[in-house]
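Engineer: Fold the following and give me the result.
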Amino acid sequence: MKSITPTSTAAIAILASSLQSATAEGTFPFSKPLFRFTPFHELSETYQSIAEEKLGYMEVTWNNHGIAPIEKKGWDQLTSNERDAASMLGFAEGTWDCFINHYEQYSWDDLALKGAQAHYRELGWTQAHWEHTITEVPYSEARWWDQLTDNEKKSANALCYFEDNWDKKDMNPNNTFFPHAVPDFRYMPWSELDAVTRNVAGGMLGYDEDTWDYLGSNVVEKNTFLNLEPEEREGALDLGFYTHTWDCFMNHYQSYFWSSFHEDLKIAITTLGWTEALWSDDSETAPGSEDKLWSDLSSTEKAAATRLCYFEELWNQEPITDWFDYETGANTGVTADGPVPKDIDLDIFQETGYAGKKPGSVGMGAYTVAGNLSPSYRALVSSSVLALAVSVGALLLV
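Structural biologist: You can find the predicted model right below:
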């Protein structure tokens with residue numbers, strides 16, 4: 001059950017009247033707290049300090065909605081100091097419970113009293129889903145915003161969801177042609193990690209030298225970020241991962257349901273030859289791209305693999321120790337600021353857009369093009385792991 005602490009009847013009645021008025025698409029029961037949807041580096045120093053020191057945010061957790069521990073609490077579950085800090089930022093009970101917690105702290109019955117249950121029902125929720133007495137997740141949890149019906153969007157608006165927070169927009173800066181910021185820290189050999197990083201990776205995520213140096217070999221990488229166990233997710237955050245970087249660079253969306261592939265992700269996965277039948281759990285075959293080396297992929301296949309956060313060394317399953325320069329202390333495969341090579345044709349995403357970039361804004365013309373050199377950029381064979389079960393919300397990414 002999502003409820004932690006009972007909510008007063010008076011508070012429920014006030015929130016119910018607000019929620020019942022949110023019926024038009026784009027209409028929220030409370031004013032949108034615009035500061036919360038502003039990248040961390042654009043906040044004033046005062047706001048940054050309050051968010052970090054009093055509410056426990058990090059830049060990563062501020063820039064990605066729904067992963068900060070504080071956001072799992074309803075207003076009534078915040079300590080008095082946390083409520084004071086939230087108020088200093090500009091939150092009140094209604095804006096916090098709606099835009100930050102989305103009423104997850106309430107019991108199923110309380111949702112009905114305050115007028116939110118009908119909106120969750122429209123999104124496919126039942127009492128059994130809410131109380132976790134069945135293993136299935138509501139179908140809407142595997143949908144991007146653009147895949148929702150108009151009525152579902154209206155109900156989502158009433159719960160203070162809109163496209164950015166429903167799709168968990170990544171607000172972290174990223175000027176590369178990779179879809180998300182490159183987690184360079186993950187591409188150092190085990191032997192070069194400091195003691196703290198090694199302890200976190202080993203103690204909380206189950207890595208050892210072999211599974212760290214051979215990406216994709218640790219079972220933890222077969223899960224989406226939100227499907228990790230709580231301690232594993234905490235460890236991933238401590239290392240510097242967040243929803244998008246883990247799901248893209250570690251899991252490569254292998255644990256997604258087919259129905260969750262949408263727009264540029266759908267283009268990427270189908271360009272590599274995958275179909276719904278091949279992606280299914282009981283399929284024992286894979287498309288031909290899975291047996292190719294990076295150099296044998298076409299320019300459009302390389303673009304598709306890049307959208308899934310693969311690069312050459314990873315696609316070819318080379319251990320980190322083979323592409324790390326121990327003298328300079330840097331990997332020789334992928335860089336965070338490298339230009340797009342000529343043999344990666346991002347024009348395949350011109351109509352759909354690319355990882356949050358608008359349609360028409362991608363392709364060779366949008367990036368600095370490398371010369372004849374073709375630096376190594378990510379790709380990996382997904383092979384056996386195709387469609388693992390995901391937890392509630394695990395698919396609402398990018």
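Engineer: Would you check how far apart residue 281 and residue 255 are?
Structural biologist: 11 Å (C-beta to C-beta, to the nearest Å). C-beta: built from backbone N, CA, C; applies to glycine.
Engineer: Counting neighbours, go ahead and name the busier of these two.
Structural biologist: residue 255 (23 against 8; other C-beta atoms under 10 Å).
Engineer: quick one: low-confidence ranges for the stretch 1-150 of the chain?
Structural biologist: Applying pLDDT under 70 to the stretch 1-150 of the chain picks out residues 1-26.
Engineer: go again using 80 as the cut-off
Structural biologist: Scanning the stretch 1-150 of the chain for pLDDT under 80 picks out 1-26, 114.
Engineer: all helices for it, in order.
Structural biologist: Listed in chain order, the helices of the stretch 1-150 of the chain (DSSP state H, counting those that start in this stretch) span 9-20, 45-49, 59-62, 80-89, 93-95, 108-113, 117-122, 127-130, 150-158.
Engineer: Out of those, the one nearest residue 320 is which?
Structural biologist: Taking C-beta to C-beta, helix 59-62 is the member of the helices of the stretch 1-150 of the chain nearest to residue 320, at 22.6 Å.
Engineer: and residue 290, which of the three is it?
Structural biologist: Here residue 290 is helix, with the state taken from DSSP: H, G, I helix; E, B strand; the rest coil.
Engineer: Quick one, grab the pLDDT at residue 395.
Structural biologist: You'll see residue 395 listed with a pLDDT of 38.
Engineer: Let me know the helix or strand that the closest residue in space to residue 307 that isn't next to it in sequence is in.
Structural biologist: Using C-beta to C-beta, 6 or more residues apart in numbering and skipping the chain neighbours, the partner closest in space to residue 307 is residue 268 (4.0 Å). Assigned by DSSP states H and E, residue 268 falls within helix 264-271.
Engineer: Could you list the domains of this protein?
Structural biologist: Residue ranges for the domains of the chain, per automatic domain parsing: 9-138, 184-366.
Engineer: I'd like those domains as CSV, with distance to residue 160 appended.
Structural biologist: CSV is the format used below for those (distance: least, C-beta to C-beta, whole Å):
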stretch, distance to residue 160
domain 9-138, 4
domain 184-366, 19
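Engineer: Quick one: closest of those domains to residue 178.
Structural biologist: domain 184-366 (6.4 Å).
Engineer: Count residues in the vicinity of the residue nearest to residue 307, would you?
Structural biologist: 27.
Engineer: So it is in contact with residue 301, correct?
Structural biologist: No - the pair residue 268 and residue 301 does not pass the contact test of C-beta atoms under 8 Å, sitting 9.5 Å apart.
Engineer: Quick one: distance of the helix holding residue 268 to the chain centre.
Structural biologist: Put simply, helix 264-271 sits 17 Å off its chain's centre (C-alpha atoms, centre = their mean, to the nearest Å).
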